[in-house]
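Below is the sequence, then the predicted model.
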Amino acid sequence: MGAKVNEDLLSERKKCEFNVEELTNYLDGGAKATENRRKLERKVLSTKGLIDNVPEEFLSHKEKYENAVRKAVLFYKAMKDAEDPNLSEQERANTTYRSLLPSAVFKDNSPFTLHVAMFIPAILGHADEEQKKYWMNRASKMEIIGTYAQTELGHGTFIRGLETTATYDPKTEEFVMHSPTLTSYKWWPGSLAHTANYCVVMAHLYSQGKSCGIQPFIIQLRDEETHMPLPGIKLGEIGAKLGFNTVNNGFLGFENHRIPRNRMLMKNAQVLKDGTFRKSPNSKLTYGTMVYVRVVIVNGMANQLARAVTIAVRYSAVRRQSELKPEKSSNSKLTYGTMVYVRVVIVNAMANQLARAVTIAVRYSAVRRQSELKPDAGEPQILDFVTQQHKLFIAIASSHAFSLTAKWLTRMYYKVTADLEKGNMDELPELHAIACCLKAVTSWDTSAMTERCRTSCGGHGYMLSSNLPQIYGLVTAAVTYEGENTVLMLQTARSLVKAWEQAAAGKPLSPTMSYLSEKIDKKQKWDNSVDGIIKGFRRVATGKVASAVASMKKYIKRGLDPEDAWNMSSVQLVAASEAHCRAFILSTYKAEVDRTTGSLSEPLRRLLNELVQLYAIYWTLEKLGDLLLYTSISENDIRELQSTYEDLLGRIRPNAVGLVDAFDFSDQILNSTLGAYDGRVYERLMEEALKSPLNAEPVNQSFHKYLKPFMQGKL
């Protein structure tokens with residue numbers, strides 16, 4: 001903050017009607033958590049060599065990876081050195097809950113990401129106590145670097161379709177790992193290509209000539225001294241992507257590679273020396289890592305859309321996934337733990353990344369002046385345009401909504417995990433159902449709103465130095481990894497249909513779906529309050545579930561199998577899941593704000609409730625078709641809501657910069673020419689441009705090699 005701060009931003013900060021530090025403390029979970037987070041960030045970011053002198057967008061693909069590995073090692077050491085041994089486990093969790101420290105170091109994420117995010121959780125979820133002690137000791141000290149490989153070139157969500165095999169040989173007490181086809185190659189795991197030397201691999205186990213289902217194995221990929229791939233293991237990188245290009249995503253194939261019997265992770269199932277297979281009675285099916293190859297094209301021109309849909313249709317014709325008709329199988333069912341945990345993390349990550357994007361966009365909008373509202377009155381800040389407020393303020397509210405929902409989901413996850421240890425699985429299906437749809441809806445919304453933040457910055461938002469394209473690349477990836485969103489919504493739909501049938505039979509429902517048993521009177525007067533809107537969204541969800549169930553029954557009556565009836569009704573089922581999820585986020589957001597803001601100052605409490613109201617009305621206006629179909633909302637109600645919405649935008653406007661300042665992202669974490677605290681947008685754009693290697697010399701060699709001969713007619 002050493003440089004002179006832009007006058008417009010200074011003015012905005014003076015307008016703020018609440019204490020920014022108070023909101024930062026609230027978002028962090030207390031003043032102590034804020035203090036600890038800032039202390040950690042200062043310590044880590046003062047490490048020499050962590051911040052690039054030459055922006056990574058000017059490096060080659062290979063150079064980006066090599067530089068990322070260098071920084072990952074430095075970052076890991078810096079984090080270890082900065083650890084405060086006096087903090088409790090809960091205090092450590094609060095310190096890092098909102099911290100986006102890696103974003104200051106890696107624009108495109110770290111090649112160690114999967115080690116922490118998947119390898120270690122997989123060991124904790126699948127290893128027995130003896131295995132856990134050995135592998136966690138090595139993994140936590142980074143003596144080994146691991147990743148998690150489930151998705152294959154030809155299969156993702158449908159894990160029973162995985163083709164990688166692990167065949168037990170009782171003579172040598174070994175498993176023979178094999179990739180029988182090209183489509184059986186593992187594809188997508190981060191760190192896999194050149195970084196990791198160990199991997200948790202999900203493979204189809206065969207023992208004594210029988211299928212024993214999909215099981216986890218920990219496999220050494222590379223020699224610990226030379227890092228060369230071991231015999232029978234084929235490794236490589238999958239190539240450049242829209243984002244995550246420094247994560248080192250790879251492919252993995254096996255050619256009859258042998259591993260010892262104790263390399264099968266045996267918490268939930270095990271193979272005895274003679275080949276006898278035993279499984280735990282308390283295990284449940286894993287829905288694992290899902291990352292598909294997708295082409296993301298945001299260019300709206302007709303010919304580009306035609307290219308995209310051609311690719312998608314041809315891929316969809318080739319890709320085989322899931323089952324319409326379930327295979328009757330006694331396959332072992334593994335723990336939900338790793339999968340649900342990662343989805344909990346994703347919801348919080350979406351809140352934090354959206355907060356980063358909207359901080360950049362709001363600060364830029366306060367500095368940028370454009371057009372005239374009144375003749376000869378000068379160019380106003382673009383943040384004064386109501387259309388700009390409409391684009392951006394919902395992103396602030398959504399980040400709050402997702403963050404509070406993630407905290408609720410985290411509490412439920414730890415409660416269910418504790419219950420599972422006692423053998424109680426009553427709440428597990430509810431946790432799985434709500435985690436599925438929350439991951440889908442929050443990643444969809446965050447992708448759309450991040451792109452809106454980018455376009456709201458005009459042409460400058462297209463610059464990589466704004467960091468908005470990179471943030472978009474990171475968040476849009478979440479739409480497909482850890483469960484492709486449409487597949488996840490259909491998993492939630494199964495729970496909704498089951499709940500609907502239970503309600504019809506007079507049976508009690510889980511708390512998140514209990515509203516499905518309420519009788520609906522469509523003539524009941526619509527209420528424009530937030531509570532009334534929540535009731536309206538629940539009626540929409542109830543109506544859509546009822547419609548989807550009626551559709552399935554119609555198709556079955558026509559002679560279709562239940563599985564085909566499900567497929568024919570799947571568009572309606574996805575819509576029902578989305579409606580359920582939006583009702584849940586709305587109700588949870590309001591309930592958590594009501595529960596947690598009682599001790600806050602009146603101005604801040606009022607502002608946070610205005611954001612809740614903005615969020616509720618925004619989605620009401622977005623979903624009017626559904627509400628007109630399933631509720632008694634009237635034209636007068638809609639006009640009143642539109643007026644209230646515009647009034648809310650005006651009331652929030654003086655606090656916009658204060659709201660994003662309260663996210664408390666350092667300039668290094670934002671990594672943006674447009675979003676720095678001082679608002680020196682144009683100076684930073686020029687400074688960044690001058691770092692380009694092409695600007696190191698006034699005449700590039702291509703002039704003498706190609707342009708001059710061409711222009712002189714000598715080519």
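Perfect, thanks for sending it.

From now on I want contacts and neighbour counts done on CA atoms only, so please keep to that.
Noted.

By residue count, which helix of this structure is the longest?
helix 386-421 (DSSP state H).

So which elements touch the next helix or strand after it?
Next in sequence after helix 386-421, counting helices and strands by DSSP states H and E, comes helix 428-455. Counting contacts by 3 or more C-alpha pairs under 8 Å, 6 or more residues apart in numbering; DSSP states H and E, helix 428-455 packs against helix 337-367, helix 386-421, helix 468-477, helix 485-504, helix 570-596.

Please work out which of these is packed deepest.
Highest mean neighbour count among these (mean count of other C-alpha atoms under 10 Å): helix 337-367, with a mean of 25.

quick one on the thing from earlier: relative to Asn86, which of the helices and strands packed on helix 428-455 is closest?
For these, proximity to Asn86 was assessed by C-alpha to C-alpha; helix 386-421 is nearest, at 23.6 Å.

Between helix 428-455 and the closest one, find me the angle.
160 degrees (axes from the mean of the first three to the mean of the last three C-alpha atoms, to 10 degrees).

Which of the three states applies to His204?
The local conformation at His204, judged by DSSP: H, G, I helix; E, B strand; the rest coil, is strand.

OK, contacts around it?
160, 162-166, 211-215 (C-alpha atoms under 8 Å, 6 or more residues apart in numbering).

Kindly indicate which of these lies nearest Ser365.
Taking the contacts of His204 together and measuring to Ser365 by C-alpha to C-alpha, the closest member is Leu162, at 48.5 Å.

Tyr341 versus the residue nearest to the closest one when sequence neighbours are not counted, what's the distance?
Distances taken as C-alpha to C-alpha, 6 or more residues apart in numbering place His155 nearest to Leu162, at 6.0 Å, with adjacent residues excluded. In this view, His155 and Tyr341 are 22 Å apart by C-alpha to C-alpha, to the nearest Å.

Low-confidence ranges, the stretch 501-650 of the chain, go.
Scanning the stretch 501-650 of the chain for pLDDT under 70 picks out the ranges 522.

Go ahead and name everything in contact with the helix or strand containing Leu23.
For Leu23, the element it lies in under DSSP H and E is helix 20-28. Residues outside helix 20-28 that contact it (C-alpha under 8 Å, 6+ apart) are 31-34, 94-95, 97-98, 600, 604, 658-659, 661-664.

next helix or strand past that helix?
helix 31-45.

tell me how far the helix or strand that that following helix is followed by is from the chain's mean position?
Using DSSP H and E, the helix or strand that follows helix 31-45 towards the C-terminus is helix 61-82. Computed by C-alpha atoms, centre = their mean, to the nearest Å, the chain-centroid distance of helix 61-82 equals 22 Å.

Dump helix 61-82 to PDB, restricted to CA.
Only the C-alpha atoms of helix 61-82 are listed here, as PDB (Å, rounded to 0.1, in the frame of the first residue of the first chain):
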ATOM      1  CA  HIS A  61       4.400 -24.700 -20.900                       C
ATOM      2  CA  LYS A  62       7.400 -26.600 -19.800                       C
ATOM      3  CA  GLU A  63       8.900 -23.500 -18.000                       C
ATOM      4  CA  LYS A  64       5.600 -22.900 -16.200                       C
ATOM      5  CA  TYR A  65       5.700 -26.400 -14.700                       C
ATOM      6  CA  GLU A  66       9.400 -26.300 -13.700                       C
ATOM      7  CA  ASN A  67       8.900 -22.900 -12.100                       C
ATOM      8  CA  ALA A  68       5.800 -24.200 -10.300                       C
ATOM      9  CA  VAL A  69       7.700 -27.100  -8.800                       C
ATOM     10  CA  ARG A  70      10.400 -24.700  -7.600                       C
ATOM     11  CA  LYS A  71       7.900 -22.500  -5.900                       C
ATOM     12  CA  ALA A  72       5.900 -25.500  -4.500                       C
ATOM     13  CA  VAL A  73       9.000 -26.600  -2.600                       C
ATOM     14  CA  LEU A  74       9.600 -23.100  -1.300                       C
ATOM     15  CA  PHE A  75       6.000 -22.600  -0.400                       C
ATOM     16  CA  TYR A  76       5.800 -25.900   1.500                       C
ATOM     17  CA  LYS A  77       8.900 -25.000   3.500                       C
ATOM     18  CA  ALA A  78       7.600 -21.500   4.200                       C
ATOM     19  CA  MET A  79       4.200 -22.900   5.400                       C
ATOM     20  CA  LYS A  80       6.000 -25.300   7.700                       C
ATOM     21  CA  ASP A  81       8.300 -22.600   9.100                       C
ATOM     22  CA  ALA A  82       5.300 -20.300   9.600                       C
END
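
I'd like to know which elements that helix is packed against.
helix 31-45.

which other helices and strands contact the helix it packs on?
helix 20-28, helix 61-82, helix 89-97.

low-scoring stretches of this protein, by residue?
Looking at the chain by pLDDT under 70, you get 1-2, 157, 281-338, 522, 707, 711, 715.

I'd like to check the angle between the longest helix of the chain and helix 570-596, please.
For helix 386-421 against helix 570-596, the angle by the same axes, to 10 degrees is 90 degrees.

for helix 386-421, packing partners?
helix 337-367, helix 428-455, helix 570-596, helix 602-622, helix 635-652, helix 656-661.

okay if I get those as CSV plus distance to Ala504?
Below are these laid out as CSV (distance: least, C-alpha to C-alpha, whole Å):
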stretch, distance to Ala504
helix 337-367, 29
helix 428-455, 18
helix 570-596, 17
helix 602-622, 28
helix 635-652, 32
helix 656-661, 46
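
Could I get the contacting residues of the nearest residue to Gln220 once chain neighbours are set aside?
Closest residue to Gln220 apart from its sequence neighbours, by C-alpha to C-alpha, 6+ apart: Tyr198 at 4.4 Å. Neighbour list for Tyr198: 144-147, 218-222 [criterion: C-alpha under 8 Å, 6+ apart].

Okay, and the beta partners of Tyr198?
Counting by DSSP bridges, Tyr198 is bridged to Gly146, Gln220.

re earlier: can you check which of the helices and strands packed on helix 428-455 gets nearest to Arg452?
helix 386-421 (6.6 Å).

returning to that earlier point: pipe the helices and strands packed on helix 428-455 into CSV and attach distance to Pro121 per row.
Shown next, in CSV, are the helices and strands packed on helix 428-455 (distance: least, C-alpha to C-alpha, whole Å):
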stretch, distance to Pro121
helix 337-367, 6
helix 386-421, 13
helix 468-477, 21
helix 485-504, 21
helix 570-596, 26
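
of all these, which lies closest to Ile534?
Checking those against Ile534 by C-alpha to C-alpha gives helix 570-596 as the closest, at 6.0 Å.

what's the spacing between the closest residue in space to Gly473 that isn't next to it in sequence and Ser672?
Among residues not flanking Gly473 along the chain, Gly243 sits closest, at 4.5 Å (C-alpha to C-alpha, 6+ apart). Counting by C-alpha to C-alpha, the separation of Gly243 from Ser672 is 17 Å.

and what of Glu255?
46 Å.

higher neighbour count, the two?
Per other C-alpha atoms under 10 Å, whichever of Glu255 and Ser672 has more neighbours is Ser672, with 23 against 14.

Surely the more buried one and Asn467 touch.
Yes. Here Ser672 reaches Asn467: they are 5.2 Å apart, a contact under C-alpha atoms under 8 Å.

Any chance of the backbone angles for Arg222?
When quoted as degrees, to the nearest 10, the phi and psi of Arg222 stand at phi -130, psi 150.
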